[in-house]
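Chemist: Need a 3D model of the following:
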Amino acid sequence: MRSTRRLLLYIMAIVSAGTIYTLYSKALGDLDGLPPLPLAYTEEMLSDGPLPVPTVSATDLRLREAFGTNCPEIEYPIKIDVRARGMLVAANHFEINPDGRVRLTEVSVALFGKPKNGHSEIHTVHADIALLEMDSPVKTVAELGSRKILGAELISDPGLRSRDPRVGMIYLVQNRHTPQPEDDMMLRTPGPIYYRDLSQITGRDSTQPNIWTPAVIELTDRQIGPKPTTPATLRLPPTLKDDLRRPNTIAEMMNGSRAPLPTITAEGLKIYLSQLPNIGSNSDKAAPNKPAGPSPLQVRRVEMNGNVQMNLWVDGSSNFLAGDPAEKPQPTAQGLPKPNDKTPASSDRVLIQIETNGPFEYDVEKDIAQYHIASQSNPHLPNHVLVTRHVKPSLRDMMACDDLIIHFKRGGNSPKTEPAAPATATNQPSIQVRKVIATGKSVAVSSDSEQLQAWGYRLVYDAEKSETTLEGDKMIAVKDGNQIEAFELILSNLNVKNQQTAKARGPGKIGMGLLDPTTKSHAQQAVWQEWITFTKEIDPKTKLELDKLALSGGAKFTDKTEQRTLEGRTLTLWLLPQQSAVGSAAMAAPAGTGNDSRKPHRLEAVQQVVLHSPELEITKSDYLNVWFQERPVPKSAIQPIPANAGVNPPQTGNIPNLLPANGLPTGATPLATAQSGGTSVVAQPVGRDATPVREKNRDPIGEMFGSRSNDSGSQREKNPPIRLQSQRIIAWVDRTEKRNDLNRLQCDGDVVVHQDPAKPNARPVDITGKSMTLRHYMEGNILHVIGTEESNAEVHLDQLSLIGADVLIDQRDNLASVKGSGTMRLLSSTNLEGQKLETPTYVDVFWKEGMEFRGGEKWARFEGSVQGVQLNSRVLCETMQVTLDREVWLNQAQKTGQSGKDSPKIDRVICDRQPTNPKAVVDRSQQVVYTDLIRDPKTRKIAKYQSISSRELNLDNLSSKLEAPGPGTVRIFQPGNSSNPAAVSPNFSPIGNGNRPMAANSQTDQIMKLTWVGYKGALKADNKRRMAIFYDDIEVMHFPTENPQQVIDITKIHPDGMHLRCSQSLEVYSHKHSDDKTTMEMIARGNCRIRTFEFDATSEIVKYDESKDTLIFEGEKLPAELVRYKDGVRGVEPEKFKGRKITYYRKTNNFSVDGGTGVTGSIR
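Modeler: Sure, this is the predicted structure:
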């Protein structure tokens, strides 16, 4: 240790020496002891030309070209430039090892390729120590240029004393034909690195590498970073793998504020060369006319042993592992993109990281990379090839597999015009993924941007086809909570956002919505047998971009929550775009979850269509098409109905909705409703809800074939489903903010509709026809059913049936009509005269030309050979018009004060033989015929028969009157007394006084008798007064017979019969007594004549009183006359009675004469 005194002496000595030297330079520094040069040699020096440039050797220029302007290699004492081989070696120290190998310290080697675009491709190597094995012994440095390197070992020495920052690492750099370092590719490793000449390896395809190292290597390709590398980027600190844990690291690398990750890191490296650097052969001098050969260090294959991590900045539009597709620019009229198109530039890049614990292989010639899992690893640690795509700083797409093969395609080069210009965003070359094949026991894919997870055993991505295929024995993909299972999933057109497609090969299924906690399965499911396809489609009308979902080969939608299923050979669903869609629609699953805000635009099912739901069942159809269209909410539809509006609650047991509520249609709109008592023509539909309720959760899959009903649970259970069958079904649904309503339903081809009754005693709803159209309006529905010539359309409701070729029910205009021939069946509690029946019965009406009913105008008209039947009654006419006592509303909104239980009654019935068409030919012989037939329930024999035949029949139930203008006839066939057949007791009552046989007025035996009445004037009956009057030329025949249609011959008198003739009128009265006994009274006026087998009588008036059992003949201007034949034998002198009044007593069979003018014969 030096003392203080000695240190001071040192300092004083240094100061003294400095002072002496300063004095010397000041005093003697200007003296020059050399002789002056001759003038001849100093002329050029005295000129005014530029100063001479210092001379730099050609070797130093090549060193600066290879290693940079201020490279340390300039100062190395050893420099060997072998131009013939394009090799330049610089080293700091040379020595020969005892084993004969050459040892170079701080060695740098540059290999120059053929010039291209004015610049050479240069490969440089730098190591702290290099051990070279030559083909022959080397003694001096100069001999290195004439020797061939057979092997080499590059070693790093962190303890080497040097100012070079590269100490401790081995560097291999390629300049890519450019002088700037911003696009270089650099490999560095702590080494050692071994090299073996190709001649030392047997066979080109040998497994022995030419260059290898077991150490960790780091490869950085500055050309494929997120942005063009700049000198400022090179000065940034390196980014490590652990830095990715910070959320902003990716964003900082993309904006250039952080250095990108190394391109490749791995443990161990093997490089196979296709041509060795012949750096020592003098015989291979380049010939000037010889074409340029391959690069001296042409890499054929690269292998890495394990722990491989590759960071690739690929083209952002490649869409490998899904990701956001590029927006396709819309061309202008000249075909060029619009200036404001936000189309990503081709230089936009995303980071793809590939990691594996196993080996990596790269075929440089084919540009194919292969990644494999480790052959042996800890079973408790992950062992797979992991691919991560950083789409955005917070979004990642990942894939895990056992083996991964990537086909690369490098694109872009520096411009030819300015080769020295640095790479920019538009000319920066990029590495693109051309094809990816991932295999393994399980290939798993997840995407944050697409909210997608998928599993299979093989994945293929083809960038040229823009297609990704995922295969598996049971390929599973989960997106937005929806799960798809299939054998193969193919995603196509991934690079174009508006043209993406996806399809999955079946058999497969899709689960949608939330999982059922009990069954662990999705509530909504879709299955198919062949293919399911997802595509984008532009609607030609709305110009909206729709997501199209098509299932083929036998498909089925199932909603377990709502108990709905839809089956078909092919099912297709069009969905409206999401309000804020994220990512592509490659995995666009059908609507059906509470998280999916998309709405259906159209639903189509083709072949073998079957639908099951609580509201509707389609049992058989070849085609189903449902259109959804947006409609504003009408103000009238959301205004509450006052409490005193008198609107009746919806009836049940009828068509609640031809399609389910809220999805295909809403709000059950029955075509018929059960009413108690009275005659119901067509009843009211269920109107819209007074105040629609917003759905808490939209159910898109429910909107495909039905949705949650707004009705209560009891109402849904009470209404049986509608069963619909048709070859072709098309529905239009209006969608509002709060609900969906049926707009129109069109069914074509063998239409069959059935609905079981809600009440035990009610009739089911049945509709059949060739086609059916249902239009829904606020005021009601319009139902139109069309049949064929061979088979009529039929509409059977609870109390009404309509059959015809063309059936129309219009609830808006209160109109029902049938074109052409048809039939109507109507449940009525009254007969045709409006009289209440004990039990409601059906009225059947048949016609040939048409039927029209107008509820607002209170009438119905039937035309063309009309025939009406009710129980035992029947009416035949050419036209029949029925008038009701009040308006009938075919929708639910009845007028205030009219109760649904108060059924409309028949006010008037008019039957006519005259057709409505005035040009129609009238058959004068055709009469209006009314018949009433009653049979004994035990013997089935006719108990009573009565009929009216006239040219017109008018029934006025309001005044209880009947009119039948003549000429006409009346037949009454019923039991009568077997004794005293001459008694005139027709027991005739006006039509409608009952549908039971009349009780006999005596205890004598009963026989069937026919009473026939013919008249020319008219028949008028008054049910209130219990009377009937015949006018003008009345003929009455009364005789026993067993045939109610017995031919009438007024010239012949039955032994037990009677014939009555009068010219003015015949009055018949029915009297009901206190003991409920009914008796008849008859009065005939005007030239009356009665003939029986026993007597003939003439008078002006004939009276019969059943209560007194007397027959009275009265004369006014002329006396009454009666001629009685003894024992009915004609030809024998008869008994003659003549007087003002002759009375015949039936019980005693005696006569009495009042005011007689003469009597012949005895009176008994």
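
Chemist: In terms of helices and strands, where is the residue positioned nearest the centre of the chain?
Modeler: By Cα atoms, centre = their mean, the mean C-alpha position of the chain lies nearest to residue 573, the distance being 3.0 Å. In the assignment (DSSP states H and E), residue 573 maps to strand 570-575.

Chemist: Next: residue 387.
Modeler: Counting by DSSP H and E, residue 387 is part of strand 385-392.

Chemist: Bridged to the residue nearest to the centre of the chain, which residues?
Modeler: For residue 573, the beta-bridge partners are residue 549, residue 603 (DSSP bridges).

Chemist: ok, it to residue 630 distance?
Modeler: 17 Å (Cβ to Cβ, to the nearest Å). Just so you know, the C-beta spots here come from the backbone N, C-alpha and C atoms, and that holds for glycine as well.

Chemist: And residue 229, by the same measure?
Modeler: Taken as Cβ to Cβ, the span from residue 229 to residue 630 is 53 Å.

Chemist: out of these two, which sits in the busier spot?
Modeler: Set residue 229 next to residue 630 and count neighbours by other Cβ atoms under 10 Å: residue 229 wins out with 25 against 12.

Chemist: Over to the more buried one. Which of the three states is it?
Modeler: Following DSSP: H, G, I helix; E, B strand; the rest coil, the label given to residue 229 is coil.

Chemist: For it, which residues are in contact?
Modeler: 182, 183, 222, 223, 423 (Cβ atoms under 8 Å, 6 or more residues apart in numbering).

Chemist: now do 10 Å
Modeler: Residue 229 makes contact with 180-184, 220-223, 256, 259-260, 422-423, 428 under the criterion Cβ atoms under 10 Å, 6 or more residues apart in numbering.

Chemist: who does the strand holding residue 573 touch, helix- and strand-wise?
Modeler: strand 522-528, strand 531-538, strand 545-551, strand 555-559, strand 600-612, strand 616-630, helix 700-705 (3 or more Cβ pairs under 10 Å, 6 or more residues apart in numbering; DSSP states H and E).

Chemist: Out of these, which is the most enclosed?
Modeler: Counting by mean count of other Cβ atoms under 10 Å, helix 700-705 has the highest mean neighbour count of the helices and strands packed on strand 570-575, with a mean of 28.

Chemist: same question for it, mean pLDDT?
Modeler: The pLDDT scores in helix 700-705 average 34.

Chemist: Can I get the helices and strands packed on strand 570-575 in JSON lines including distance to residue 1148?
Modeler: Shown next, in JSON lines, are the helices and strands packed on strand 570-575 (distance: least, Cβ to Cβ, whole Å):
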{"stretch": "strand 522-528", "distance to residue 1148": "93"}
{"stretch": "strand 531-538", "distance to residue 1148": "101"}
{"stretch": "strand 545-551", "distance to residue 1148": "96"}
{"stretch": "strand 555-559", "distance to residue 1148": "89"}
{"stretch": "strand 600-612", "distance to residue 1148": "81"}
{"stretch": "strand 616-630", "distance to residue 1148": "76"}
{"stretch": "helix 700-705", "distance to residue 1148": "85"}
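
Chemist: domain ranges for the protein?
Modeler: 56-225+267-282, 813-926, 931-1160 (automatic domain parsing).

Chemist: Just the endpoints, please. Distance across the shortest one?
Modeler: Its first and final residues considered, domain 813-926 spans 35 Å by Cα to Cα, to the nearest Å.

Chemist: Over to stretch 869-877?
Modeler: OK, stretch 869-877 end separation, Cα to Cα: 12 Å.

Chemist: From the chain's centre, how far out is that stretch? Work that out for me.
Modeler: 52 Å (Cα atoms, centre = their mean, to the nearest Å).

Chemist: how deep is residue 761 tucked in, by neighbour count?
Modeler: Residue 761 - counted by other Cβ under 10 Å - has 8 other residues nearby.

Chemist: where does it land in three-state SS?
Modeler: coil.

Chemist: gap between it and residue 819?
Modeler: Counting by Cβ to Cβ - residue 761 and residue 819 are separated by 33 Å.

Chemist: next one: residue 1087
Modeler: 51 Å.

Chemist: Residue 1027 too?
Modeler: 42 Å.

Chemist: Among the contacts of residue 229, which ones are in strands?
Modeler: 220, 221 (DSSP state E).

Chemist: what residues are up against residue 753?
Modeler: By Cβ under 10 Å, 6+ apart, the residues touching residue 753 are 655, 658, 671, 722-726, 747, 765-769, 772, 774, 783, 785, 794-796.

Chemist: Could you list everything the closest residue to residue 1022 other than its chain neighbours pairs with in the sheet?
Modeler: Spatial nearest neighbour of residue 1022, chain neighbours left out: residue 961 (5.3 Å); criterion: Cβ to Cβ, 6 or more residues apart in numbering. Bridge pairing for residue 961 (DSSP bridges) gives the partners residue 956, residue 1022.

Chemist: Now do the contacts for residue 961.
Modeler: 833, 908, 954, 955, 990, 1020, 1021, 1022, 1023, 1024, 1025.

Chemist: would you turn those residues into TSV with distance to residue 1033, pLDDT and neighbour count?
Modeler: Formatted as TSV, the contacts of residue 961 follow (distance: Cβ to Cβ, whole Å; pLDDT from 0 to 100; neighbours: other Cβ atoms under 10 Å):
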residue	distance to residue 1033	pLDDT	neighbour count
833	26	60	20
908	28	84	19
954	21	88	19
955	24	84	28
990	20	43	24
1020	15	90	19
1021	19	88	24
1022	22	87	16
1023	25	82	23
1024	27	82	8
1025	24	83	12
